[in-house]
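Trainee: Please find the sequence and the predicted model below.
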Amino acid sequence: MRKINRLLCAAAAAVLLGANTAQAAVIIVPPNPLTAATENTSASQIISQGPGAELLQNTQSQTSQTEQVQQSLEGTVFAGSSTIAAPVVEAEGAVLLNCNTGQILYEKNSSVQFYPASITKLMTALLTAENCSLSDVVTFSEAATTNLESGAVTINLTAGDQLTVEQCLYALLLKSANEVANGLAEHISGSVSGFADLMNQRAAALGCTGTHFANPNGLNDSTHVTTPYDMALIARAAYANPVVAQVSSALSYEIPATQKAGARQVTMGHKMLYPTDSRYYQGIVGGKTGYTSKAGNTLVTCVERDGLRLIAVVMKASGTHYTDTKAMLDYGFALAQNGEI
């Protein structure tokens, strides 16, 4: 009789264990690095056969739908809001890009060509980060340090000076040093013209259709043009690069002594990065300023809040570049808060 009772208890326990296992449908196995791929596949198969199958399928379906929506919004223009007023922008050209979806949230002459001035250097920085090691040494030539227009910003380099690529990137994006852009161009492509070809190839690969670069620094050239939308595409790629993003977020950096100058600090030109400045914008990732007599004020700004990353581009402004930028960014984040994007 005791034997029969033990058998009945064992059978009942087996039934209960089977039921609980079926309901949980989750098996936790310590990972084995050598067989992780196989084990993950097995786990997915186990889940897909149990009560979690529907949840897994729904998650996969939602992910696929999200990707399709993002792809379908790339390059489209937001229709506008019935409750949030569009920003007032004084600059001749501007665009606000949702980096997450590629949708244009606001535009003003976004496909019109303008002179970019020093926001050009975002493309130079991107190509440098993609083609060089930070420890590479750049030796500056006579042409790189003298082929500049009067009044061009420099860090007073001369032929034979050497800086690492890392030091060059800080001088390029914080100080906007024009001879540094030339030196990087020669280091990567052998010549400024060869580097300009590389810039145009990269721009085309990013989807730019109204861009033609003639130099790596943005100094005046009648053939050196881009559009606000193209510049937003370039900026999206640039700030997605961790090296460019890190350099662009710095407020200052020390450049070592060279032949004509001692060690010196270069500081960020974009005022929205400074917490003590009234123009500071919370969540800013990085930005680049530009100005020439023909380009007027140009400004690129990247900001991210709560997972939403926006790029604001202002071109051909007359002193309104910061207020125009703030107006666009405020508009974009208001749309997100309102659930419209």
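Mentor: Looks like it came in fine.
Trainee: Roughly how far does Ala245 sit from Ser150?
Mentor: Using C-beta to C-beta, to the nearest Å, Ala245 is found at 33 Å from Ser150. For every residue, glycine as well, the C-beta is placed using N, CA and C.
Trainee: what do you get for Ser81?
Mentor: Taking C-beta to C-beta, one finds Ser81 at 47 Å from Ser150.
Trainee: Can you show me the strands along the protein?
Mentor: Ranges of strands in the chain, per DSSP state E, are 93-98, 104-108, 137-139, 162-164, 252-255, 264-267, 284-292, 296-305, 308-317.
Trainee: Where in the protein is the helix or strand with the lowest mean pLDDT?
Mentor: helix 36-49 (a mean of 39; mean pLDDT, DSSP states H and E).
Trainee: okay, Ser81 and Ser150: which has more neighbours?
Mentor: Just comparing Ser81 and Ser150: by other C-beta atoms under 10 Å the higher neighbour count belongs to Ser81, 15 against 4.
Trainee: show me the residues around the more buried one that make contact.
Mentor: Under the criterion of C-beta atoms under 8 Å, 6 or more residues apart in numbering, the neighbours of Ser81 are Leu335, Asn338, Glu340.
Trainee: try Asp330
Mentor: Pro87.
Trainee: Now Tyr322: closest residue in space that isn't a chain neighbour?
Mentor: With C-beta to C-beta, 6 or more residues apart in numbering as the criterion, Tyr322 has its nearest non-adjacent residue at 5.0 Å, and that residue is Arg279.
Trainee: show me the contacts for that neighbour.
Mentor: Residues in contact with Arg279 (C-beta under 8 Å, 6+ apart) are Lys271, Met272, Tyr322, Lys326.
Trainee: Quick one: the helices in the stretch 51-200 of the chain, in order.
Mentor: 53-73, 121-131, 142-146, 165-170, 178-189, 192-205 (DSSP state H, counting those that start in this stretch).
Trainee: If you could redo that for the stretch 201-341 of the chain, that was the one I meant.
Mentor: Counting by DSSP H, counting those that start in this stretch, the helices of the stretch 201-341 of the chain are 228-240, 242-248, 321-337.
Trainee: would CSV of those with mean pLDDT and distance to Ile284 be doable?
Mentor: Output for the helices of the stretch 201-341 of the chain, formatted as CSV (pLDDT from 0 to 100; distance: least, C-beta to C-beta, whole Å):
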stretch, mean pLDDT, distance to Ile284
helix 228-240, 98, 10
helix 242-248, 98, 9
helix 321-337, 98, 9
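Trainee: What separation do you get for Ser191 and Val95?
Mentor: Separation of Ser191 from Val95 (C-beta to C-beta) stands at 32 Å.
Trainee: So if I had to pick from the two, which one is more boxed in?
Mentor: Comparing Ser191 with Val95 by other C-beta under 10 Å, the one with more neighbours is Val95, at 27 against 15.
Trainee: and the more buried one, bridged to which residues?
Mentor: Glu107, Val313 (DSSP bridges).
Trainee: okay, now the domains of the protein?
Mentor: 2-72, 77-337 (automatic domain parsing).
Trainee: and among those, the most buried is which?
Mentor: Most buried of those by mean neighbour count (mean count of other C-beta atoms under 10 Å) is domain 77-337; its value is a mean of 20.
Trainee: Let me have the helices of the stretch 51-200 of the chain in TSV, adding distance to Tyr229 and mean pLDDT as columns.
Mentor: TSV is the format used below for the helices of the stretch 51-200 of the chain (distance: least, C-beta to C-beta, whole Å; pLDDT from 0 to 100):
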stretch	distance to Tyr229	mean pLDDT
helix 53-73	14	56
helix 121-131	14	98
helix 142-146	31	97
helix 165-170	26	98
helix 178-189	23	98
helix 192-205	12	98
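Trainee: So which of those is nearest Leu251?
Mentor: helix 165-170 (10.8 Å; C-beta to C-beta).
Trainee: For the closest one, name the packing helices and strands.
Mentor: Secondary-structure packing of helix 165-170 (3 or more C-beta pairs under 8 Å, 6 or more residues apart in numbering; DSSP states H and E): helix 121-131, strand 137-139, helix 178-189, helix 242-248, strand 252-255.
Trainee: Between its first and last residues, what's the separation in stretch 112-119?
Mentor: 16 Å (C-alpha to C-alpha, to the nearest Å).
Trainee: For the remainder of this discussion, apply numbering that starts at 5.
Mentor: Sure, I'll start numbering at 5, so the last one becomes stretch 116-123.
Trainee: And the contacts of that stretch?
Mentor: Applying C-beta under 8 Å, 6+ apart, the external contacts of stretch 116-123 come out as 96-97, 157, 180, 182, 214, 221-222, 224, 228-232, 235, 239, 292-296, 298-300, 302-304, 317, 319-320.
Trainee: repeat that with 7 Å
Mentor: Residues outside stretch 116-123 that contact it (C-beta atoms under 7 Å, 6 or more residues apart in numbering): 97, 180, 214, 221-222, 228-231, 235, 292-296, 298-299, 302, 304, 319-320.
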